[in-house]
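**Q** Provide a 3D model corresponding to the input given below.
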Amino acid sequence: QLVLVESGGGLVQPGGSLRLSCKVSGDTLDDYAIGWFRQAPGKERLGVSCITNTGSMTNYPDSVKGRFTVSRDNAKNMAYLQMNNLKPDDSAVYYCAARTWSPLATSCPWEYHYYGQGTQVTVSS
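**A** You can find the predicted model right below:
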């Protein structure tokens, strides 16, 4: 059973930065694509980034492109989401997610099987 634990959330002022971390246990991360999602109160969960098994390909929606950067360290079973120039609309609970994925894939998925418990990000002055 794969277990994902997020950390690094908190309160930040508009324009500030946060780095979220995702610790994965229960299997080697080499076999999994990683996604990051967020959900604000009363809204649906939305994907904000994904990354292939080797980190060779990433993808972002327009709402965060140029501000968010996803990365991973398979040797440490860790994934990260660097968030810069944060805006109040970025406030949400952020989740990391994983699913088995071909290491030969040239794109990352937006549907996942395993999710962490989430970490709150609040952007406010």
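
**Q** The spatially most central residue of the chain: what's it in contact with?
**A** Centroid check for the chain by C-alpha atoms, centre = their mean gives Trp36 as the closest residue, at 2.5 Å. Going by C-beta atoms under 8 Å, 6 or more residues apart in numbering, Trp36 touches 20, 22, 47-50, 68, 70, 79, 81, 94-97. Backbone N, C-alpha and C define where each C-beta goes, glycine included.

**Q** What distance do you get for it to Leu86?
**A** Separation of Trp36 from Leu86 (C-beta to C-beta, to the nearest Å) stands at 14 Å.

**Q** Which pair in the contacts of Trp36 has the greatest spatial separation?
**A** Phe68 and Ala97 (15.1 Å; C-beta to C-beta).

**Q** Between those two, tell me which one has more neighbours.
**A** Just comparing Phe68 and Ala97: by other C-beta atoms under 10 Å the higher neighbour count belongs to Ala97, 25 against 21.

**Q** Surely that one is in a strand?
**A** Yes. Assessed with DSSP: H, G, I helix; E, B strand; the rest coil, Ala97 lies in a strand.
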